[in-house]
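K.L.:
Provided below for reference: sequence and predicted model.
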Amino acid sequence: MKILVLGGDGYLGWPTALHLSEHGHQVAVADNFARRHYDDELGVESLVPIEPLRGRIAAWKELTGKEIGCYIGDLTDPVFTYRMIGDFRPDAVVHYAEQRAAPYSMIDRGHAIYTQSNNVLGTLNLLYAIAEIDPRIHLVKLGSIGVYGTPNIDIEEGWLDIEYNGRRDRVMFPKRPGSFYHLSKVHDAHNIEFACRIWDLRATDLNQGVVYGQQTPETARDDRLATRFDYDAVFGTVLNRFVIEAVIGHPLTVYGTGGQIRGLIDIRDTVLCIQIACENPATKGEFRVFNQMTESLSVREIAETVARAYPGEVTIENLENPRVEAPEHYYKVAHTKLVDLGLQPHLLSDTLIESLFEITKRYAHRVRPDALRPTVNWRSPSSS
Ligand code: NAD
Ligand code: USQ
C-alpha cells in the first residue's frame, strides 16, 4: 500500500514509517518540525539524540535500500496539504501530526489556542483534501483514550448502544476529557465522524493510551534511526519519566495519590496497530473507533513496577497534583477490536523496563533535572 505518515518526524511517526516500510509498504512522511521547536521554546531536548529527518531517511536507505518520501510543511496550510495528498495519492494516511502534550496545552491561553487550532484545523484541511482528491483514501487518525475521561461506567470502543424512554439508538460514547489538548481530539473525532457521514469518507480513530518504550526492531538497528525519548514535565509521559527518574536517582514524581488509572501501550504495539488498521481499512462511509491500549495501571502501580525492576534504590514522592483529575475512580475499557484483527500485545514486563534503564544510563548525562518538576498548573488560568 502507499501510506503517508503525517508527523513522521515525531516519537511515534518515525518508528511507524520504518515499520511500514520494512513490511513492504511504500511510505512517505510529512512534518513541519513543530515538535523540535517546542523543545527550543521549553529549553529541553530528547534524552536520546535524534538525527535531522533527512539524515534519518538517508540512513534507512543506506541500511535497507528502501526509499521513504518526504514532505516538509504545515497541515494547517491547505495549499501544502492538498498538494501533498494530490502528489503522493496514498491508499492510507496515518495522521499523528498534532500538538500532543496535555501540559503544553494548559500553559496559558495562547498555548490552548495554538493546540486546538493546530490540531483541529490541520485535520479539517486533511478531511477536505481527501474528500476532494480521493474519498477512498483511508484516514487512520490518532486520538487518545483520555477523551473518555474516567466515567463511572464501562468505556466502549467509540460507540454506545443506548435505550432511553423505550427507544434505542447508537451514539458516540460520551466524552469528558481532562485538558484542552484532549479536547482537541474530541473535536477532531466529531469532525471526522461528520465527514464520513456526509462525504462517505472512511476513517479509523485510534483512541490510544499512554505510550511507553523507545525502541522498535527497526529503530534499534542503528543509532541514526533512534526515535525521541522525552523526560521533561511537559512532553515526557509517565512511565518513560519514571524510568529516567529512577536511573538518575530522582524521586519518582507521582502526582497526587497515584490512584488515577490510565491505559498504556508499548511503542512496539503502536506501530503494529497502525499496520493492522491500514491493512484492514474501514469501509466506505464508516467512522470506526478502536481503543488502542493493551493494559490499565494506576500511576501508583506504574511507579511501584519501575521501582521493583530497578536494581538500585528508588524513592517515590507524592507531589500535589498539578492537574485536575479524579484521584480514585472506576476504570474498565473495552479494547478487543485490534486483538480481533490480530494484535498480540506486549504487556509491560521487567525485561522491557530493564532495557529502558540501559538506554537511559547511556544518555543520563543529558538529563536536566530541573526539567523534571511539573510547572504547568491546571487550576491557574493565565493569558500570558
Ligand atoms: P510528537 O510530538 O513526537 O509527534 C508529532 C509530530 O507531528 C511532530 O514531529 C510535529 O512536528 C508534527 N506536527 C505537529 N503539528 C503539525 C502540523 N500542523 N503540520 C505538520 N506536522 C505537525 O508526538 P507523538 O508522541 O509521536 O504522538 C503522535 C500522535 O499520537 C499525536 O497525535 C498524539 O496525540 C497521539 N498519541 C500519542 C501518545 C503518546 O503517549 N506519545 C499516546 C496517545 C496518542
Ligand atoms: N503523571 C504523574 N507523574 C508524572 C507524569 C504524569 O503522576 O511525572 C500522571 C498524570 O497526572 C496522569 C498520568 O500520569 O494522570 C498520565 O500522564 P502523562 O503525561 O503520561 O500522559 P497524558 O497527559 O495522559 O498524555 C499522554 C500523551 C498524549 C496522549 C495520552 C494518552 O502525551 O499525547 O494522548 O498520553 S491518554 O491520556 O491515555 O489518552
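P.N.:
Alright, I've got the coordinates. Numbers count the residues shown, from 1 in each chain. Ligands and ions are numbered 1, 2, ... in the order given.
K.L.:
what about the strands in the stretch 1-150 of the chain?
P.N.:
All strands of the stretch 1-150 of the chain, identified by DSSP state E, counting those that start in this stretch, fall at 2-6, 26-31, 68-72, 92-95, 138-144.
K.L.:
can you tell which of these is closest to ligand 2?
P.N.:
Of all the strands of the stretch 1-150 of the chain, strand 138-144 sits nearest to ligand 2, with 3.2 Å by Cβ to the nearest ligand atom. All C-beta atoms are positioned from the backbone trio N, CA, C, and that covers glycine.
K.L.:
Just give the strands next to the closest one in its sheet, each with its orientation.
P.N.:
strand 92-95 (parallel), strand 202-208 (parallel) (DSSP bridges).
K.L.:
What strands line up against the next helix or strand after it, and which way round?
P.N.:
Sequence order places strand 159-164 as the next helix or strand after strand 138-144, per DSSP states H and E. In the sheet, strand 159-164 lines up against strand 167-172 (antiparallel) (DSSP bridges).
K.L.:
Can you list the helices and strands that the helix or strand following the partner strand packs against?
P.N.:
The helix or strand immediately downstream of strand 167-172 is helix 180-199, counting by DSSP H and E. With contacts defined as 3 or more Cβ pairs under 8 Å, 6 or more residues apart in numbering; DSSP states H and E, helix 180-199 has these neighbours: helix 102-105, helix 109-116, helix 122-133, strand 138-144, strand 167-172, strand 202-208, strand 287-292.
K.L.:
Can you tell me how far His329 is from Gly149?
P.N.:
Distance of His329 to Gly149, computed by Cβ to Cβ, to the nearest Å: 9 Å.
K.L.:
Near ligand 2, which residues of the stretch 201-350 of the chain? Just list them.
P.N.:
208-210, 237-238, 241, 253-255, 260, 262-263, 299, 323, 325 (Cβ under 6 Å from any ligand atom).
K.L.:
run the last query once more with 5 Å
P.N.:
Neighbours of ligand 2 within the stretch 201-350 of the chain, by Cβ under 5 Å from any ligand atom: Gly209, Val210, Thr237, Val238, Arg241, Thr253, Val254, Tyr255, Gln260, Arg262, Val299, Arg323.
K.L.:
thought the first one was touching Gly143?
P.N.:
No. Here Gly209 lies out of contact with Gly143, judged by Cβ atoms under 8 Å, at a distance of 10.8 Å.
K.L.:
Now the common contact residues for those two.
P.N.:
Counting by Cβ atoms under 8 Å, 6 or more residues apart in numbering, no residue touches both Gly209 and Gly143.
K.L.:
Listing partners with orientation, what would you give for whichever strand or helix holds Gly263?
P.N.:
Using DSSP H and E, Gly263 sits within strand 261-266. The strands beside strand 261-266 in its sheet (DSSP bridges) come out as strand 210-212 (parallel), strand 295-298 (antiparallel).
K.L.:
Can you report how many residues lie near Asn152?
P.N.:
When neighbours are defined as other Cβ atoms under 10 Å, Asn152 has 8 of them.
K.L.:
returning to that earlier point: Throw the strands of the stretch 1-150 of the chain into CSV and include mean neighbour count and mean pLDDT, thanks.
P.N.:
Output for these, formatted as CSV (neighbours: other Cβ atoms under 10 Å; pLDDT from 0 to 100):
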stretch, mean neighbour count, mean pLDDT
strand 2-6, 26, 99
strand 26-31, 25, 99
strand 68-72, 18, 98
strand 92-95, 27, 99
strand 138-144, 26, 98
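K.L.:
Asp200 contacts Lys284, doesn't it?
P.N.:
Yes. At 5.2 Å, Asp200 counts as touching Lys284 under the criterion of Cβ under 8 Å.
K.L.:
Around ligand 1, pick out the residues from the protein.
P.N.:
The chain comes close to ligand 1 at residues 7, 9-12, 31-32, 34-35, 74-76, 96-98, 100, 118, 122, 142, 144, 208, 210-211, 237, as judged by Cβ under 5 Å from any ligand atom.
K.L.:
Gly8 against Arg56, yeah?
P.N.:
No. Taking contacts as Cβ under 8 Å, Gly8 lies outside contact range of Arg56: 9.3 Å.
K.L.:
Mind listing the shared neighbours of these two?
P.N.:
Trp14.
K.L.:
For the residue in the chain positioned nearest to ligand 2, give its distance to Ile155.
P.N.:
When scored by Cβ to the nearest ligand atom, the chain has Gly146 as its residue closest to ligand 2, at 2.8 Å. Distance of Gly146 to Ile155, computed by Cβ to Cβ: 11 Å.
K.L.:
got it, and Ile192?
P.N.:
According to Cβ to Cβ, Ile192 and Ile155 sit 19 Å apart.
K.L.:
And for Arg35?
P.N.:
Where Ile155 is concerned, Arg35 sits at a distance of 29 Å (Cβ to Cβ).
K.L.:
per-residue pLDDT, the closest residue to Ser144 other than its chain neighbours?
P.N.:
Distances taken as Cβ to Cβ, 6 or more residues apart in numbering put Lys185 closest to Ser144, at 4.7 Å, once the chain neighbours are dropped. For Lys185, the model assigns a pLDDT of 98.
K.L.:
residues in contact with Lys185?
P.N.:
Glu98, Asn119, Gly143, Ser144, Gly146, Val147, Pro177, Asn207.
K.L.:
Tell me the one of those residues nearest Thr227?
P.N.:
Within the set of the contacts of Lys185, Glu98 lies nearest Thr227; the separation is 16.9 Å, counting by Cβ to Cβ.
K.L.:
Using CSV, write down the CA coordinates of the helix or strand of the chain with the lowest mean pLDDT.
P.N.:
Least confident helix or strand, the chain: helix 350-363 with a mean of 94, by mean pLDDT, DSSP states H and E. Output in CSV follows, covering the C-alpha atoms of helix 350-363 (Å, rounded to 0.1, in the frame of the first residue of the first chain):
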residue,chain,number,x,y,z
ASP,A,350,10.6,-6.3,33.7
THR,A,351,12.7,-7.0,30.6
LEU,A,352,11.2,-4.0,28.8
ILE,A,353,11.8,-1.8,31.8
GLU,A,354,15.3,-3.1,32.1
SER,A,355,16.1,-2.3,28.5
LEU,A,356,14.8,1.2,29.1
PHE,A,357,17.1,1.5,32.1
GLU,A,358,20.0,0.6,29.8
ILE,A,359,19.1,3.2,27.2
THR,A,360,18.7,5.8,29.9
LYS,A,361,22.0,5.1,31.5
ARG,A,362,23.8,5.7,28.2
TYR,A,363,22.4,9.2,28.0
